[in-house]
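Asker: Take this sequence and fold it.
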Amino acid sequence: MSSRAHQLFDPESPPAGASADPTEDGGHANVLSIGGLYDEVEHALASVFPRSRHLWVRGEIQSLSDQTGRSGHCYLDLVDPDEGGGSVSRGRGAPALKVKCWKGTWGPMKAELRKAGIDLAEGMVVVLRGTIDLYRPKGEIGFILTELDVTALLGRLAAQRAELLRTLESEGLLRRNAAVPVPDVALRIGLVASPGTEGYRDFLGQLTGSGFGFHVQVVPVTVQGGDAPMAVAAAVKTLCRTDCDVVIVVRGGGSKADLAAFDAEVVARAIATASKPVWTGIGHTGDESVADIVANRACITPTECGHQLVVRVGLWWESHVGEPAIVLSRRVPGILADAQTKDSQARGRLTRAARSQLRVHRERLVRQAKGIARLAPEGLVVHAGKLRTHAARLGPLTTVHLSRETERVRSWRRLLAAYDVERQLERGYTLTLDAAGQLVRNVAGVAVGEEITTRFADGTLRSRVENAEKNEER
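Answerer: All right, here's what the predicted structure looks like:
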């Protein structure tokens, strides 16, 4: 350390900013002001870590604040990964470093990271290059970021991807979904995509233009960003519980960072353990994600994914419908000709048989007609005799029957006449009627003072009841 820096620790040498008067500041000599102290610290740091000296620092990102939408700067808090600061000893005094990346540096650096397929995130170990900085308002020693080792990050991401693939293979999941059978006619499609995107439209365009009756059930998801892996995995699991024939995961082209969600372990496991065959169409030609590797089939683009589905259904159509139709169309003329020949032969046989039957029945009718003509006169004579006999017997029987019925009617008339009211009146009987014209049958039927009418054969008599006595019961 220089002699200037050593003055911070030399009580005999009054530092810059110290009071020369031993009576000032409570009578203590060599007392520094806050500003003077920071001047000394800055001078010491500048002597050991000059601005021209750039340091490489390795640390784990504990927190990240990207101010792209506001100030344009980026702020990181790094901890020492070797001491477990990122996951174990956070908040327990572990070494920490505040890193600042100014707008002019962060903009191009962020674009370069996205181009390489890298998104900085908490828990990521990075190697940074920059300079030491003292932030006087807070008294913090920080780090000004000027460069980031992308090569180290890419190597680490590649190592993480390779480790994930080895883990999946050791668990028997790497080709598990490839063994799930795909229906020959896969018309019920479960689609995991972001509606309205180019990849979504390219895939559906292939199905729409095919002429086949595809039915597509869409589960909309976000396909990039921190929430994308969980959303894609959940959508795949949801579609596996439906009646779809195949699950399709598509995403249009983009940078490696845009496609990073499909390298996530949660997506890989969801596809690998899916009960339905999962096809992927992610990115451009040449892009291969972990999702592509564990899928039942990986297509180079969403368009190619839709095309492969159409081709599969088309092959089934050709083998099961198109080719049999061609064979049938070739055989139909011959079959029709044979049928027409057999029909003509059958009609000839039916015509000859009908004519033979008509001839037989005509001859039988002629014989029966001759027999009837021969027997008819004799039969008419016999029946005419029978009719005369019946007619002769019918006349006397009718007369006797009428006489008998006439006598019966007379007997009924005499009987009825014997009970005629007028005849009874002529014999001396009378009818007594009350004031209402009703027949009086007993003494109880009239009351004293009531007017009654007595009917005789030659007239009527009206009288008033003065006394009504009933006969004593015997």
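
Asker: And for the host helix or strand of Ala268, what's in contact with it?
Answerer: Taking DSSP states H and E as the definition, Ala268 sits inside helix 265-272. Residues from elsewhere that reach helix 265-272 (C-beta atoms under 8 Å, 6 or more residues apart in numbering): 164, 168, 173-174, 176-177, 229-230, 232-234, 236-237, 249, 261, 278, 280, 290-291, 293-295. The way it works is simple: take the backbone N, C-alpha and C, and place the C-beta from them, glycine included.

Asker: before we move on, what about stretch 216-236?
Answerer: By C-beta under 8 Å, 6+ apart, stretch 216-236 touches 121, 188-195, 197, 204, 207, 238-239, 242, 244, 247, 249, 251, 254, 257-262, 264, 266-267, 269-271, 274, 278.

Asker: Show me those residues that map onto strands.
Answerer: Arg188, Ile189, Gly190, Leu191, Val192, Ala193, Val247, Val249, Arg251, Val278 (DSSP state E).

Asker: Pull the most distant pair out of those.
Answerer: Across these, no pair lies farther apart than Arg188 and Arg251, at 21.4 Å, counting by C-beta to C-beta.

Asker: quick one, which of those two is more surrounded?
Answerer: Arg251 (31 against 16; other C-beta atoms under 10 Å).

Asker: My read is that that one contacts Ala193, right?
Answerer: Yes: Arg251 lies in contact with Ala193 (C-beta atoms under 8 Å); the separation is 7.1 Å.

Asker: Find the residues that touch each one of those two.
Answerer: Residues touching both Arg251 and Ala193 (C-beta under 8 Å, 6+ apart) are Gly199, Val223, Pro302.

Asker: Which residue in the residues you listed has the weakest pLDDT?
Answerer: Of all those, Val223 carries the smallest pLDDT score, 86.

Asker: Which of the helices or strands spans it?
Answerer: Per DSSP H and E, Val223 falls between elements, in no helix or strand.

Asker: can you check the one 10 residues further on too?
Answerer: For Ala233, the host element (DSSP H and E) is helix 228-240.

Asker: ok now that helix, how far from the chain's centre?
Answerer: How far helix 228-240 lies from its chain's middle: 16 Å, per C-alpha atoms, centre = their mean, to the nearest Å.

Asker: in the protein, which ranges drop under the pLDDT threshold?
Answerer: In the predicted model of the chain, residues 1-29, 50-53, 82-94, 116-117, 123, 150-158, 255-258, 285-287, 322, 472-474 satisfy pLDDT under 70.

Asker: can you point me to the longest helix in it?
Answerer: Longest helix in the chain by number of residues (criterion: DSSP state H): helix 323-418.

Asker: per the record, what domains does the protein have?
Answerer: Listed by automatic domain parsing, the domain ranges of the chain are 1-40, 49-148, 171-313, 415-474.

Asker: Any idea how far apart the tips of the second one sit?
Answerer: With C-alpha to C-alpha, to the nearest Å as the measure, the first residue of domain 49-148 is 19 Å from its last.
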